[in-house]
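Trainee: Show me how the following folds:
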Amino acid sequence: MKEGLLEKIQADTHWRVNIRPAVPVAEKLSLQRCAQVVEKASVSLRGWDYPHVSTRTDDHGGSGLYGEFVANWCDWNRHTEFWRMYKSSQFLHYLSLRENMREDDRMPEGKVLNVTGTVYSLTEMAEFLFRLARGGLYEHGAKIHISLERASGRRLWVSEFNRMSFFNKKETQAETINLSRDLTSSDLAGASNSVSLPLILELFDHFGWTANRDQIAQDQANFFRKQF
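Mentor: Sure, this is the predicted structure:
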């Protein structure tokens, strides 16, 4: 991995995603299989895949084999991230918040979290897990832990013109927001939004916002149909 990349991600608000099998696997994955399962399960709904699978080998991206895990990383434009898939079927992902780059001229001053972008990100994370399960992993269930790190002082921001803005500041003072679920094999056989929707509502609660469940569900449905 590129030297200093983890420190760059951790310097500001970022996502950390950890997926583990519910029980230790009887047979470990090969390194080749580690790379294959991530590439096959990667979610591409909005022009950038989750997690991003870099095919470059330069200062902006790369990959490598590290004994017990495969790693892949990207440091390009608004996209700064790296992931590992371990032979034990554990997946670890660090992802810099896109809002850190402040490339949208409409973005207000201060630290913000885009409501729609957050819905999309959590939807992608859960969908990726479910695709891994459909690809043969997590036969006995899985544990997913998602955290928004260095979140203190972030406030929700509505970027769409057709969506009502907040009348008062929706801000968290939590340094870390933790979201966890223990999922059975039956859970993983269903639809991923059965997990992502409650996670989204739970996250927004940390900002003092009780989001409309039906509206968020509709946002997710539109996202899967690529209707932005």
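Trainee: now the chain, which segments are flagged as low pLDDT?
Mentor: Applying pLDDT under 70 to the chain flags residues 102-104, 161-162.
Trainee: mind redoing it with 80?
Mentor: Counting by pLDDT under 80, the chain shows low-confidence ranges at 1, 102-107, 160-164, 228.
Trainee: center of it - which residue?
Mentor: residue 125 (4.3 Å; Cα atoms, centre = their mean).
Trainee: Report how many residues lie close to the nearest residue to that residue once chain neighbours are set aside.
Mentor: Spatial nearest neighbour of residue 125, excluding adjacent residues (Cβ to Cβ, 6 or more residues apart in numbering): residue 17 at 5.6 Å. Every residue, glycine included, has its C-beta placed from N, CA and C. The local packing count at residue 17 equals 24, with neighbours defined by other Cβ atoms under 10 Å.
Trainee: tell me which element residue 17 falls in.
Mentor: According to DSSP states H and E, residue 17 maps onto strand 14-21.
Trainee: how far is that strand from where the chain is centred?
Mentor: Centre-to-centre, strand 14-21 and its host chain are 8 Å apart (Cα atoms, centre = their mean, to the nearest Å).
Trainee: that older thread, run through the bridge partners of the residue nearest to residue 125.
Mentor: In this entry, residue 17 is beta-bridged to residue 93, residue 146, by DSSP bridges.
Trainee: Touching, it and residue 126? I think so.
Mentor: No. Here residue 17 does not reach residue 126: they are 10.0 Å apart, not a contact under Cβ atoms under 8 Å.
Trainee: still on that earlier bit, counting by contacts, list what the strand holding residue 17 packs against.
Mentor: Here strand 14-21 touches strand 91-96, helix 115-134, strand 142-149, going by 3 or more Cβ pairs under 8 Å, 6 or more residues apart in numbering; DSSP states H and E.
Trainee: Next, count neighbours for the nearest residue to residue 30 once chain neighbours are set aside.
Mentor: Distances taken as Cβ to Cβ, 6+ apart put residue 87 closest to residue 30, at 7.3 Å, once the chain neighbours are dropped. Residue 87 has 17 neighbours, counted by other Cβ under 10 Å.
Trainee: Next up, the contacts around residue 87.
Mentor: Contacts for residue 87 (Cβ atoms under 8 Å, 6 or more residues apart in numbering) come out as 28, 29, 30, 31, 34, 68, 69.
Trainee: so how many other residues sit close to the second one?
Mentor: Around residue 29 there are 20 other residues, counting by other Cβ under 10 Å.
Trainee: Pull the contacting residues for the residue nearest to the centre of the chain.
Mentor: Residues near residue 125 by Cβ under 8 Å, 6+ apart: 15, 17, 50, 144, 146, 196.
Trainee: go again using 7 Å as the cut-off
Mentor: Going by Cβ atoms under 7 Å, 6 or more residues apart in numbering, residue 125 touches 17, 50, 146.
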